[in-house]
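Trainee: Sharing a model prediction with you, sequence too.
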Amino acid sequence: EKGGWPSFMAKEISEGPEAIRNTLRARIEDGVIALGENETLTDEQLKNLDRIIIVACGTASYSAMAGEYAIEEWARVPVEVELAHEFRYSNPVLTENTLVISISQSGETMDTKMAVQYAAEHGAHTLAICNTQGSTIPRESDAVLYIHAGPEVAVASTKAFLAQVVGQLLFGLHLARVRGTMTDDEIRTVTADLEALPEQLAFTLENADDVRELAHWMSDTRSVLFLGRNVGYPVALEGALKLKEISYIHAEGFAGGELKHGPIALIEPGQVVFVVVPSPRTQPTMHSKLISNIQEIRARGARVIAVAEEGDAAVLPYADIVLRVGTTHPMLSAVLSVVPLHLFALELASAKGLDVDQPRNLAKSVTVE
Ligand code: F6R
């Protein structure tokens, strides 16, 4: 059932383009979003929202952080992400105008389920963004948006992360349309980029030899750091989690702006740092800030592996290695830039001879607290 792949994780990474195609299927009509009311909430309820809280655990919570930027930017509603287990015990302020969105691949994660129950009991609306049809969390929510990424067997979540981000982007655009914060034409420019994602991803996957080489070359590495800003920040966190999870290497993700507040002390000669570089076209300020971060760490001997947009020539003098991803809308970029990091974790764990599908101490879905 691995279809010729050495592991489920390898197979599932390769299914990223298809996963996204399935998330998008039948949800874009004439360039605008076509989510039915039964898929989310009524327009009236969506118009009255004054706050959104996204609850999730692990990788799903990083997808939530990527979604947060987009939903807030497009629909102009305050959005925050809470780890599901922290949310429940933090006495959150919830009203009938609060929407609690849960993100869960399995739909069975105990902490996320309890967070949804808590939200419902305290009068908030609940929307599940979920992969597994008929699972518990969607059944206990007011509304559900299935991501249709297909079954995920490997413990480490990969294609579901991509589809979780896309699911939130669809919801964000839907909300923006209902609330009138974006015109149909503005929405169309984003949906065109959404529809281009599967092919861009397929291209990245077909041209991943450099990631493979890199992972083999680095198989003795003891520590890897990841740096990003804006939607690149959750990508950095996700890159680090995946590496910890399946290669048992110390890895940490940071927001670029945090460097000076502590993490830069970790940089010593030879330390490898992955940097998720924002687009110089669409995010010029953040691009130059991240270049400054790179200069700071390189001055202290770090080796920099940049994940950068294909047209970005400005990054070249600053990186030891550049991994290229396609050009897209900034709010969609997490979907493209995370894939080299997923592949890197897979290849590095494989180079170490580890069982990537069944990492030690971990279960696919955490159904206990
Ligand atoms: C990491 C990973 C976990 C899950 C987390 C939530 O690769 O897979 O961090 O993302 O346990 O699981 P779901 O999405 O099933 O609620």
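Mentor: All right, it came through fine.
Trainee: list the buried ones in stretch 62-72?
Mentor: Using 16 or more other C-beta atoms under 10 Å as the test for burial, stretch 62-72 gives 62-71. C-beta here means a position set from N, CA and C on the backbone, and glycine is covered the same way.
Trainee: And for stretch 85-92?
Mentor: In stretch 85-92, counting by 16+ other C-beta under 10 Å, buried: 85, 87-88, 92.
Trainee: can you check stretch 221-236 too?
Mentor: For stretch 221-236, a neighbour-count test (16+ other C-beta under 10 Å) marks 221, 224-236 as buried.
Trainee: Likewise for stretch 297-309?
Mentor: For stretch 297-309, burial by neighbour count (16+ other C-beta under 10 Å) applies to 297-298, 302, 304-309.
Trainee: Just the ones of the residues you listed in helices?
Mentor: Residues of the buried residues of stretch 297-309 located in helices (DSSP state H): 297-298.
Trainee: Max pairwise distance over the buried residues of stretch 297-309: which two?
Mentor: Pairwise distances across these (C-beta to C-beta) peak at 21.3 Å, for the pair 302 and 309.
Trainee: Return the helix ranked longest in the chain as CSV; C-alpha atoms alone will do.
Mentor: When the chain is parsed with DSSP H, its longest helix is helix 184-206. Extracted C-alpha coordinates of helix 184-206, given in CSV (Å, rounded to 0.1, in the frame of the first residue of the first chain):
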residue,chain,number,x,y,z
ASP,A,184,-14.5,39.6,-5.9
ASP,A,185,-11.6,40.8,-8.1
GLU,A,186,-9.2,40.8,-5.1
ILE,A,187,-10.4,37.3,-4.2
ARG,A,188,-9.8,36.2,-7.8
THR,A,189,-6.1,37.1,-7.7
VAL,A,190,-5.7,34.9,-4.7
THR,A,191,-7.7,32.0,-6.0
ALA,A,192,-5.6,32.0,-9.2
ASP,A,193,-2.5,31.5,-7.0
LEU,A,194,-4.3,28.8,-5.0
GLU,A,195,-5.1,26.9,-8.1
ALA,A,196,-1.5,27.1,-9.2
LEU,A,197,-0.1,25.6,-6.0
PRO,A,198,-0.4,21.9,-6.9
GLU,A,199,1.7,22.3,-10.0
GLN,A,200,4.3,24.4,-8.3
LEU,A,201,4.5,21.8,-5.5
ALA,A,202,4.9,19.0,-8.0
PHE,A,203,7.8,20.9,-9.6
THR,A,204,9.5,21.3,-6.2
LEU,A,205,9.0,17.6,-5.5
GLU,A,206,10.4,16.6,-8.9
